[in-house]
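In: Sequence first, then the predicted structure:
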Amino acid sequence: MEIGKGKIVLPATITKGEVIRVQAVVQHPMDTGFFRDANAEIIPPYFINAVTVTYGDVEVASFEWTSGVSRDPMIVFQLKAEREAPLTFTYRDNRGATYQTTVPVAFTTG
Amino acid sequence: MSADTRSNRRAFLQSVGLVGAALALEGWTGRTRPLSAWPAIGPDDPEIPNEQVAKVMKERFGDRPIQRGHVTLDMPAVAEDGRFVPVAIEADLPMSADEYVKGVYLIVDHNPDPLVMVLHFTATIGPVAVETRIKMRRTCWIRAICETSNGALWADYAKVETSLNGCG
């Protein structure tokens, strides 16, 4: 596992003004702190707790997450593709690390 | 009594019921809407099971009523693996600059931390069609609550059975 490695999937073709499905996944253990490892040691809590989504310069969504979100979190929502701009997910975990994934929202020509 | 009379009587009673429900809702929200836009109020909403859930609801929603309708929570009746339980939330609420869904709350009644996620949206987000995966400790009710920009709260509920504890 490469913690923080993410992917954003958009439709293959996008026209201006269309509502598009955005799917984002990111690799993270999302440990609750309630499980023990093979040596009976508690695995400490380690999870993404804040996500921001920016579209160009504008923050269009933010998420509060807990360790109740499954390992390697996946989230899908819809976005109004009003303009061509990068879509960026920034994840922050409870140890203070941040991870970013970006994809361009580009309109199909022709 | 002829079948015709019976159906007239039924139609009359249904319309009286709808008006009553609409008046009750109007009183809560102070807004008027076409009768057809109001869903029935669910008398069978799951009760608040513990103090943690009560605290979350109080902190996030205060005393505002949570009405059933406009939101669809789609989850398996039986989750085979409590570590990966699929969730789909849809809403037919407007997503315009004037009125939009600003918050989507997912509460799992018997999880150690019941408020599993909150999604804060703006008007640039399209109609609510959210998918994700969550963990569940044991069989319980799940609450999906959408908060609109004018403060209205709409919800749907699902009971999911699970045997494998996904939370530890």
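Out: Thanks, I have it. Numbers count the residues shown, from 1 in each chain, chains lettered A, B, ... in the order given.
In: quick one: low-confidence parts of the chain?
Out: Just so you know, I chose chain A. Low-confidence segments of chain A (pLDDT under 70): A:110.
In: ah, no, chain B please
Out: Ranges of chain B meeting pLDDT under 70: B:1-43.
In: So residue B:153 sits against residue B:143, correct?
Out: No - contact criterion CB atoms under 8 Å: residue B:153 and residue B:143 do not qualify, at 10.6 Å. To be clear about C-beta, it is placed using only N, CA and C from the backbone, and glycine gets the same treatment.
In: quick one, which of those two is more surrounded?
Out: residue B:143 (25 against 20; other CB atoms under 10 Å in any protein chain shown).
In: What's opposite the residue nearest to that one when sequence neighbours are not counted in the beta bridge?
Out: For residue B:143, ignoring the flanking residues on the chain, the nearest one in space by CB to CB, 6 or more residues apart in numbering or on different chains is residue B:107 at 4.2 Å. Beta-bridge pairing of residue B:107 under DSSP bridges involves residue B:115, residue B:143.
In: dump the residue contacts of residue B:107.
Out: Counting by CB atoms under 8 Å, 6 or more residues apart in numbering or on different chains, residue B:107 makes contact with B:53, B:56, B:57, B:114, B:115, B:116, B:142, B:143, B:145.
In: likewise residue B:156?
Out: With CB under 8 Å, 6+ apart, residue B:156 has these contacts: B:68, B:69, B:71, B:72, B:73, B:89, B:144.
In: quick one: the strands in the chain?
Out: Picked chain A for this. A:6-9, A:18-26, A:48-55, A:58-65, A:74-81, A:85-93, A:98-105 (DSSP state E).
In: try chain B instead
Out: Using DSSP E, strands in chain B cover B:66-68, B:71-74, B:78-79, B:85-91, B:101-108, B:115-121, B:129-134, B:140-148, B:153-162.
In: can I get these in TSV with distance to residue A:34?
Out: What follows is the strands of chain B, written out as TSV (distance: least, CB to CB, whole Å):
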stretch	distance to residue A:34
strand B:66-68	29
strand B:71-74	25
strand B:78-79	18
strand B:85-91	16
strand B:101-108	14
strand B:115-121	14
strand B:129-134	15
strand B:140-148	17
strand B:153-162	15
